[in-house]
Structure formats: structure tokens, C-alpha cells
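Undergrad: Attaching a predicted model along with its sequence, questions to come.
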Amino acid sequence: MELINFLQYSFIQKAFFAGSFVAIICSALGLFLVLRKMSLIGDGLSHVSFGAIALGLFFGIYPYYIAIPLVMIASIVILKISEKAKIYGDAAIGIVSAIGIAGGVILVSVSKGFNVDLFSYLFGNILAISSGELILLVLLSLIVLATIYFFYWDLFSATFDEEYAKTTGIKINFINILLTILTSLCVVLSIKIVGIMLVSALLILPSVTALQIAKGFKSVMFIGAIISVISVISGITFSFFLDIPTGATIVMINAIFFGLALLIKKL
């Protein structure tokens, strides 16, 4: 099949459009998470989303309508557990993650009718994205990008020096909650792209790749976004022509970029 004919398919156009938006917000938020040593929160929230999506499918409700609020609540719970219970963040992530995935497994076991649907959420199916899902995804992505833009300096200051940020009047608790909520939204939006099992890779890999070769925070964010978008677009293309899973292909291309960045840094 010629590339021109390939690009004429509406489902490919929608996949490119949706994937590019999600790639940008994932790389932007992933940078803050990596630098704050919170990168595992994406993995934890993806497990919570498994339970939330299973709940939506169980009651016959569009899964995103259930997943978005529940995963947001879970992100705040993780933050509060780590603050109030005085335990490390990764332990708080593990607690909420275990509860989320256990709830999902129970719902799957007692239900007999949505295993195929759940499989597409586990491993992603961006080529099957609907027009309604595309509109929802773009709108929510724009909200995330606008929030990052307006709170950029607060997020930047809180990432590198919380104590200094407090002295300048930045409300650290609010910024922490904001970051976790944005991350939860990003995780839910990424499920259609790479699936529940691979969401954390889309958050982490572009940022850590850019950190190897770029200097300066804004340049890292910019390069990370470029790497992420290229990975998504090329992943969709290769998966279509080679007939292999799209989400896994996107992640593997991200991993190749990371390996190349390490090689460039070494040389």
C-alpha cells in the first residue's frame, strides 16, 4: 500500500491527531514527574484505571465517564496517604494501585460479557478511536496544556526547590494536587493510545530520553514532545503495515530513541 493511500484513511488521520495531542501532554507532565521522582505514579494510576474501566463496563456506562473522576480521586488519595501516613510516595502508589487492580479483577471475574472490550483497554487500540472519543480527548488535552501553561512557573519552582517556592508565596499543596490531577487525566487519555499496561512508558521514556541530550528545562520539554510525537506517529504507521500491536510498537520506538540518546551522550 502506498503512503498516500494510507494517509487518506479517516481512522489513520484520527489516530495521528489524537496520538499527537496525548504524546505532547504525556511528555510535558512526564518531565515534572521524573524530576520529582514521581514517575511510578503513572503506573499506579493505570492500575486504578483498570478497576474504573471494569466498573464502567460492568454497569454499561461509557468507561471514560467512570475512569476520569475515579482516577482523579485516586491520585489525590495517593498524595494524602503519603503526606498523612508519613510513608514514601512509592508505598502510597502501591497501596492504591493494588486496591484498584484487585477491584478490577473481581469485577472481571463476576462479569461474563465484556472481556473483549476490556482487552482493548489493556493494550490500547488507537486505530479504533471514534469521532466522539477524539473530540473528548482533544478537549481534555487542551485543558491540560492550558493548565501547564498558566501554572508553568509554579510547577517549575515546586519541582526544583519546594522550600524556596514556599517563600515566594507558591501554594505547594495546591500545586502537588494539581500535578497529580493532571497526571490522572493524562493516564486516562493515554489508555486508548498504548493501553493500561504501557501508560507509564509514554509518560517516562520521552522525558528521560530528552534529559540525556538536551540542556535547559524548556529545551528538554520541547525535545521530549518532539520525540513523543514522532514515536506515536511512526508507531501507528509501522503497526499498520506490519500488522503488530500499536501501543507496544509506540513504546518500543520510544525505547529505541532512549537507547540512541544514551549512545549519543556516551560519544
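TA: Happy to help now that I have it.
Undergrad: Does the residue nearest to the spatial centre of the chain lie in a helix or a strand, and which?
TA: Centroid-nearest residue in the chain, with Cα atoms, centre = their mean: Val187, separated by 3.6 Å. Using DSSP states H and E, Val187 falls within helix 172-194.
Undergrad: Now that helix: buried residues?
TA: 175-194 (16 or more other Cβ atoms under 10 Å). Every C-beta, even on glycine, is put in place using the N, C-alpha and C of the backbone.
Undergrad: same check, this time on stretch 13-22
TA: For stretch 13-22, by 16+ other Cβ under 10 Å, it's 14-16, 18-22.
Undergrad: Which members of these are positioned in helices?
TA: Among the buried residues of stretch 13-22, the members found in helices (DSSP state H) are 14-16, 18-22.
Undergrad: I'd like those residues laid out as TSV, including distance to His47 and pLDDT.
TA: Putting these into TSV (distance: Cβ to Cβ, whole Å; pLDDT from 0 to 100) gives the following:
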residue	distance to His47	pLDDT
Lys14	27	87
Ala15	25	86
Phe16	28	88
Ala18	23	87
Gly19	23	87
Ser20	26	89
Phe21	24	89
Val22	19	89
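Undergrad: quick one: contacts for Gly30?
TA: 39, 42, 202-204, 206-207, 224 (Cβ atoms under 8 Å, 6 or more residues apart in numbering).
Undergrad: Check which helix or strand it maps to.
TA: Gly30 belongs to helix 10-35 when assigned by DSSP H and E.
Undergrad: Now do that helix: distance to the chain's middle.
TA: 8 Å (Cα atoms, centre = their mean, to the nearest Å).
Undergrad: could you give the angle of that helix to helix 172-194?
TA: Here helix 10-35 points in a direction 140 degrees away from that of helix 172-194 (axes from the mean of the first three to the mean of the last three Cα atoms, to 10 degrees).
Undergrad: those helices in this protein, which residues are they?
TA: So, for the chain - with DSSP H - the helices run 3-7, 10-35, 41-58, 63-84, 89-110, 115-123, 131-150, 152-160, 162-167, 172-194, 199-213, 217-242, 246-266.
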